[in-house]
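Trainee: Generate coordinates for the sequence data below:
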Amino acid sequence: MTIPGRDSRSTAATELAALQGIQGRNLNMGTGYLPDDVLGDVLNEVINVPGDFAEVGVFQGALFKRLVAVAQVLKRTAHAFDSFEGMAEPTARDAGKYPKGALSVGGKERFRQIIQHSVDRHRQLAHAAHQNVGALPGDIRNDAFALWDGYVPDCLTKCPVQQFSFIYIDLDHHDPTAAALEWAWPRLAPGGILGFDDYFPGRERLASPPIDAFLDQQYRDLRLVHFANNQLFIRKRGNAAVRRSVA
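Mentor: Numbering: from 1, shown residues only. Have a look, this model is predicted:
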């Protein structure tokens, strides 16, 4: 994963930091909502890659609702991994950020209600034919998503699925991010995409250090897909997928 014009011996983290600088990005800028066009481009990359979708750390479901909608079209399942009751206890590597219980959605059943409401809305739009939602009303399933509750790594071990085409990790804390990476990479299909939120190359706290270490260990087996607004997407090298649009 080499940026043109840079020393090939540079670490992956160094290269990504340089790319962010080339693109005029500020390492201290905040993250936020993943734009629909970016998500669409990323998911178009995995149309012909086998496997379900996963998001590890879903908060209130802004991204997960969209993963479920695409899963409906592609006849896959979107998996949400979260305590649904907020953050675990931070460690010294988290510099006191996000205390236990922060960012709670109110429990697993509350999150299920949020996602089911989104599925019902998807079905209503399909019936009304007000817009192209990519699926016929009868094809929109209530079982297009699965929820796995608990802190990482416990919630991950509950899921029997062994192959994913898309995995997004948004855990903020250091140790859960490291554990999620250890779980995710072997289960990501060749050609699949792994995404991260809150990635600040070279930062020495929270989620960034385990991501840096992972990139340096695996850089020969991945390529950069997208990096902006501290949101990173990489593809696992393997058989190239033929792209088509999910729109």
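Trainee: Which elements pack onto the longest helix seen in the chain?
Mentor: Using DSSP state H to define each element, the chain has its longest helix at helix 108-128. Judged by 3 or more Cβ pairs under 8 Å, 6 or more residues apart in numbering; DSSP states H and E, helix 108-128 is in contact with helix 62-74, strand 78-82, strand 145-149. All C-beta spots, glycine's among them, are computed from the backbone N, C-alpha and C.
Trainee: And residue 101, how far from residue 86?
Mentor: The gap separating residue 101 from residue 86 is 4 Å, by Cβ to Cβ, to the nearest Å.
Trainee: could you pull out the helices for the protein?
Mentor: 12-22, 36-44, 62-74, 108-128, 154-157, 174-187, 208-218.
Trainee: Save the ones you listed as JSON lines, and put in mean pLDDT, mean neighbour count and distance to residue 238 too.
Mentor: Shown next, in JSON lines, are the helices of the chain (pLDDT from 0 to 100; neighbours: other Cβ atoms under 10 Å; distance: least, Cβ to Cβ, whole Å):
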{"stretch": "helix 12-22", "mean pLDDT": "47", "mean neighbour count": "19", "distance to residue 238": "18"}
{"stretch": "helix 36-44", "mean pLDDT": "92", "mean neighbour count": "16", "distance to residue 238": "16"}
{"stretch": "helix 62-74", "mean pLDDT": "95", "mean neighbour count": "21", "distance to residue 238": "19"}
{"stretch": "helix 108-128", "mean pLDDT": "92", "mean neighbour count": "16", "distance to residue 238": "30"}
{"stretch": "helix 154-157", "mean pLDDT": "98", "mean neighbour count": "17", "distance to residue 238": "22"}
{"stretch": "helix 174-187", "mean pLDDT": "98", "mean neighbour count": "20", "distance to residue 238": "12"}
{"stretch": "helix 208-218", "mean pLDDT": "95", "mean neighbour count": "19", "distance to residue 238": "13"}
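Trainee: looking at these, which is closest to residue 97?
Mentor: Closest approach to residue 97 among the helices of the chain (Cβ to Cβ): helix 174-187, 9.9 Å.
Trainee: Now do the residue positioned nearest the centre of the chain, the pLDDT please.
Mentor: Residue closest to the mean C-alpha point of the chain, counted by Cα atoms, centre = their mean, is residue 168 at 1.3 Å. For residue 168, the pLDDT comes out at 98.
Trainee: cool, and residue 224?
Mentor: According to the prediction, residue 224 has pLDDT 93.
Trainee: and it, how many neighbours?
Mentor: Residues within reach of residue 224, counting by other Cβ atoms under 10 Å, total 18.
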